[in-house]
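Q: Any chance you could fold what I've pasted below:
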Amino acid sequence: MNKVLELKNIHKSFPGVLALQGVDFTLREGEIHALMGENGAGKSTLIKVITGVYTKDEGTISLNGKEVSIKSPQDAQKVGISTVYQEITLCPNLSVAENMYIGRTKSAVQNWGKMNEDADKILQSLDIPAKATQQLGTCSIAVQQMVAIARAVDMDCKVLILDEPTSSLDEQEVAKLFKLMRDLKARGVGIIFVTHFMDQVYEVSDRITVLRDGKLVGEYTVAELPRVQLVSKMLGKDLDDMADIKSEAPESQVADSAKVIEAVNLSSDQGIKPFDFYINKGEVNGFTGLLGSGRSECVRAIFGADRVTSGVVKKNGKEIKIKKPLDAMKAGIGYLPEDRKIDGIVGDLSVRDNIILALQVMKGFFKPFTKAEANKFADEYIKLLGIKTASADTPIKSLSGGNQQKCILARWLLTNPEYLILDEPTRGIDVGTKIDIQKLVLKLASEGMSVTFISSETDEMLRTCSRLVVMRDRKVVGELKGDDLNQTMIMNTIAGGASDAEA
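A: Here you go, the predicted structure:
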C-alpha cells in the first residue's frame with residue numbers, strides 16, 4: 001500500500017509545554033487509521049500541524065513521497081488534505097449545494113443549475129440521503145457531517161481527517177457514516193479517524209496510532225492490539241482497573257437500605273410516558289436505551305429541568321414539590337447535564353467561579369461568598385478531583401474537556417447532595433478520566449450518596465450500576481439487576497425480546 005502521508009520527527013512546543021516530541025505518523029492509501037490518546041496526548045496538536053493551523057518546529061511532512069510545506073489550512077487543501085471537525089462549520093441557512101461549493105466559484109457568475117446538478121451527482125455517488133437544493137439546516141447532524149465530507153472529497157482530497165465525527169450521532173447515523181468512510185477507503189482515500197469511542201475504532205479502523213504525553217507510543221494493526229492493551233498503552237500502565245472497578249461497588253448494603261428518591265407516575269412535556277422510579281441510599285443505578293429513548297428526559301423531569309405534566313416525586317417517603325431546578329437543589333438533588341458546553345460550563349468564568357456556582361445559587365447572589373471561602377472550596381475540589389489547571393483563576397473554557405467535566409462534577413459535590421444525577425459524565429473525555437469518574441461514583445456510593453449514572457457506553461453502565469432501568473421510545477420497558485445485568489439482556493429488552501415490563 002502506498003504511503004499517502006508521512007510525518008517524521010515532528011516537534012511542536014508552546015510556552016512551557018512540549019506538545020509533540022519527535023512524533024512519526026504514516027497514513028496509507030485506502031486506509032482508515034485511528035489516532036488515539038488521552039486528552040492532552042497531542043492528537044489535536046498533530047492534526048493542526050498536518051492541516052497548517054500550527055507550524056511545526058521540527059520534522060518533515062511528505063505526501064506521496066514528496067516533502068511538502070504546509071503553513072496554512074489553504075496550503076493543506078491545495079495538496080489534498082481536508083478536515084471535518086466535530087462542530088460542523090457549514091452554513092445551515094444555505095442549501096446543500098451552496099455549502100459544497102461555497103468559496104470555490106472561479107468565474108464571475110455562478111451557474112446555479114450546473115452547481116446543483118454536480119452536487120446531486122456527488123451526493124448520489126456517495127449514497128448521501130440529501131438533495132442539492134435542500135436547506136442544510138433541515139438535514140440531520142449525520143447528513144450535515146456527510147455533506148462536509150462530500151465537499152472535502154469533491155475537492156480531490158487524498159487525506160481526510162475526521163475529528164470526533166460521531167459524538168453527536170445515534171447508532172443508525174453512525175452506521176451510515178461508516179458506510180461512507182468505507183466507500184471512500186475503497187476509492188483510495190486515506191482517512192485519519194479521531195474518536196473516544198473504542199468500539200467504533202475496532203469496527204471501522206485498519207490501524208491505530210497511540211500518542212501519550214506528546215510522544216509516539218506506537219503504530220499497530222487493529223488485529224494485533226486487543227482493547228485492554230490499547231487502553232494500557234494510552235494510560236501508560238497495566239489496566240486492572242477496568243476489569244476490577246465493579247468490585248468497589250457496595251452492592252451488599254444497597255439491597256437493605258431505604259428509598260431516598262421515588263418518582264410515581266411521572267411524565268413531562270418532553271413526551272415521556274408516565275414512569276415509576278426509585279433509588280436506595282448508597283445505590284448506583286442508571287437509565288439505558290438508544291439515543292432518543294428518553295433517558296435524559298426522565299432525569300430532567302425528576303430534577304425539574306422540564307415541566308412535569310403528571311405524577312409526584314418523593315424524598316424519604318414524603319412528597320416534595322419540584323417545579324424548577326432550584327427546588328430540586330434545595331431538596332438535596334444535584335444534576336450534571338448531558339451537554340456540558342450548553343448547560344454546564346460558563347466558559348468566560350474562572351474555574352473557581354464555575355465550581356462555586358450551584359452553591360452560590362442556593363445561598364442567593366445577594367449573599368456572595370468571600371474570596372477566601374471561594375478559594376477554599378475551589379482548591380479543595382481541584383485537589384480532590386485532580387483538575388489540571390494553571391490556577392483557580394484560569395477561565396474554564398481553556399481547560400480540556402475532561403477537566404471541564406471534573407469542574408462541573410465539583411460544582412455539584414460542593415452542594416453535598418443526597419442524590420446526584422450524572423448524565424453522560426464521561427462523554428468525549430479520555431479513558432483515564434473516565435476511570436477516575438467511575439471510581440469516584442462508586443466511592444461516593446460507598447459513603448452513602450445515591451447516584452443515577454447515564455452513559456451511551458453500555459460497558460461503562462455495567463461497570464458502575466447495580467440496577468438499570470431500560471427505555472425505548474420514551475417509555476420504561478424493563479428493569480435489570482443481578483444476573484440479568486449484561487449486554488445481551490439490555491439489547492433484548494430494548495428490542496422487546498425479553499421481559500417487556502410495561503410495553
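
Q: Could I get the full set of strands for the stretch 251-400 of the chain?
A: Secondary structure of the stretch 251-400 of the chain by DSSP state E, counting those that start in this stretch: the strands cover 259-268, 275-280, 284-288, 308-315, 318-320, 333-336.

Q: relative orientation of the first one and strand 275-280 in degrees?
A: Angle, strand 259-268 to strand 275-280, by axes from the mean of the first three to the mean of the last three C-alpha atoms, to 10 degrees: 160 degrees.

Q: What strands line up against strand 259-268, and which way round?
A: Strand 259-268 has its sheet partners listed here by DSSP bridges as strand 275-280 (antiparallel), strand 308-315 (antiparallel).

Q: now what about that strand, what contacts it?
A: With contact meaning C-beta atoms under 8 Å, 6 or more residues apart in numbering, strand 259-268 is reached by 272-281, 297-298, 300-302, 306-317, 333, 418-419, 450. Every residue, glycine included, has its C-beta placed from N, CA and C.

Q: again, only using 6 Å
A: 274-281, 301-302, 306, 308-315, 418-419, 450 (C-beta atoms under 6 Å, 6 or more residues apart in numbering).

Q: buried set for it?
A: By neighbour count with 16 or more other C-beta atoms under 10 Å, strand 259-268 contains the buried residues 260, 261, 262, 263, 266, 267, 268.

Q: Kindly report the same for the fourth one.
A: By neighbour count on 16+ other C-beta under 10 Å, the buried set for strand 308-315 is 308, 311, 313, 315.

Q: Take these and lay them out in a markdown table including pLDDT and distance to residue 41.
A: Formatted as a markdown table, those follow (pLDDT from 0 to 100; distance: C-beta to C-beta, whole Å):
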| residue | pLDDT | distance to residue 41 |
| --- | --- | --- |
| 308 | 93 | 43 |
| 311 | 95 | 46 |
| 313 | 95 | 43 |
| 315 | 94 | 43 |
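
Q: Can you tell me which of those residues is closest to residue 96?
A: residue 308 (39.7 Å; C-beta to C-beta).

Q: The closest one and residue 469, how far apart?
A: Distance of residue 308 to residue 469, given as C-beta to C-beta, to the nearest Å: 18 Å.

Q: now residue 44
A: 36 Å.

Q: just residue 183 next, same as before
A: On the measure of C-beta to C-beta, residue 183 and residue 469 end up 38 Å apart.

Q: So if I had to pick from the two, which one is more boxed in?
A: residue 469 (25 against 14; other C-beta atoms under 10 Å).

Q: quick one, the helix or strand hosting the more buried one and strand 284-288 angle?
A: If you go by DSSP states H and E, residue 469 is part of strand 467-472. Relative orientation of strand 467-472 versus strand 284-288 (the same axes, to 10 degrees): 10 degrees.

Q: Could you spell out the sheet neighbours of strand 467-472, each with its direction?
A: Strand 467-472 pairs in its sheet with strand 284-288 (parallel), strand 475-481 (antiparallel), by DSSP bridges.

Q: Quick check: end-to-end length of stretch 192-201?
A: Using C-alpha to C-alpha, to the nearest Å, the end-to-end distance of stretch 192-201 comes out at 11 Å.

Q: That one - what's its average pLDDT?
A: Regarding stretch 192-201, the rounded mean pLDDT is 86.

Q: pretty sure residue 70 contacts residue 52?
A: Yes: if you go by C-beta atoms under 6 Å, residue 70 and residue 52 touch, sitting 4.3 Å apart.

Q: Pull up the overlap in contacts between these two.
A: residue 76.

Q: and the nearest residue to residue 92 once chain neighbours are set aside, what pLDDT?
A: Sequence neighbours aside, residue 137 is the residue nearest to residue 92 in space, at 3.2 Å (criterion: C-beta to C-beta, 6 or more residues apart in numbering). According to the prediction, residue 137 has pLDDT 87.

Q: Give me the distance between residue 137 and residue 128.
A: Residue 137 sits 16 Å away from residue 128, going by C-beta to C-beta.

Q: Residue 265 now?
A: Going from residue 265 to residue 128 by C-beta to C-beta gives 44 Å.

Q: Can you list the low-confidence ranges for the stretch 351-500 of the chain?
A: 428, 497-500 (pLDDT under 70).

Q: ranges for the helices of it?
A: Under the criterion DSSP state H, counting those that start in this stretch, the stretch 351-500 of the chain carries helices at the ranges 351-363, 371-385, 401-414, 431-446, 458-464, 487-495.

Q: Buried deepest among those, which one?
A: When the helices of the stretch 351-500 of the chain are scored by mean count of other C-beta atoms under 10 Å, the highest mean neighbour count falls to helix 401-414 (a mean of 23).

Q: Not counting it itself, show me its contacts.
A: 39, 334, 336, 340, 344-345, 351, 354-355, 357-359, 377, 381, 385, 387-388, 396, 428-430, 433.

Q: Quick check on residue 271: phi, psi?
A: phi 90, psi 10 (degrees, to the nearest 10).

Q: if you compare the strands paired with strand 467-472, which one is most tucked away?
A: Greatest average neighbour count among these goes to strand 284-288 (a mean of 25), per mean count of other C-beta under 10 Å.

Q: tell me which residues of stretch 149-156 are tucked away?
A: Under the neighbour-count criterion of 16+ other C-beta under 10 Å, stretch 149-156 has 149, 150, 151, 152, 153, 154 buried.

Q: With stretch 74-94 instead?
A: Buried, per 16+ other C-beta under 10 Å, within stretch 74-94: 76, 77, 79, 80, 81, 82, 83, 84, 86, 88, 90.

Q: Adding secondary structure as columns, could you present the residues you listed in CSV?
A: Below are the buried residues of stretch 74-94 laid out as CSV (DSSP: H, G, I helix; E, B strand; the rest coil):
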residue, secondary structure
76, helix
77, helix
79, coil
80, coil
81, strand
82, strand
83, strand
84, strand
86, coil
88, coil
90, coil
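
Q: Specify which residues of the stretch 1-150 of the chain, grouped into ranges, have pLDDT under the cut-off.
A: The model of the stretch 1-150 of the chain has pLDDT under 70 over residues 39, 86-88, 103-108.

Q: now the helices for it?
A: Using DSSP H, counting those that start in this stretch, helices in the stretch 1-150 of the chain cover 43-50, 73-78, 96-101, 112-125, 141-154.

Q: Tell me the helices and strands packed up against the third one.
A: What that stands for is helix 96-101. In terms of contacts (3 or more C-beta pairs under 6 Å, 6 or more residues apart in numbering; DSSP states H and E), helix 96-101 is packed against helix 112-125, helix 141-154.

Q: I'd like to know which elements the last one is packed against.
A: Put plainly, it is helix 141-154. For helix 141-154, the packing partners by 3+ C-beta pairs under 6 Å, 6+ apart come out as strand 81-84, helix 96-101, helix 171-186.

Q: Just put those in CSV and tack on distance to residue 56.
A: Below are the helices and strands packed on helix 141-154 laid out as CSV (distance: least, C-beta to C-beta, whole Å):
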stretch, distance to residue 56
strand 81-84, 14
helix 96-101, 31
helix 171-186, 27
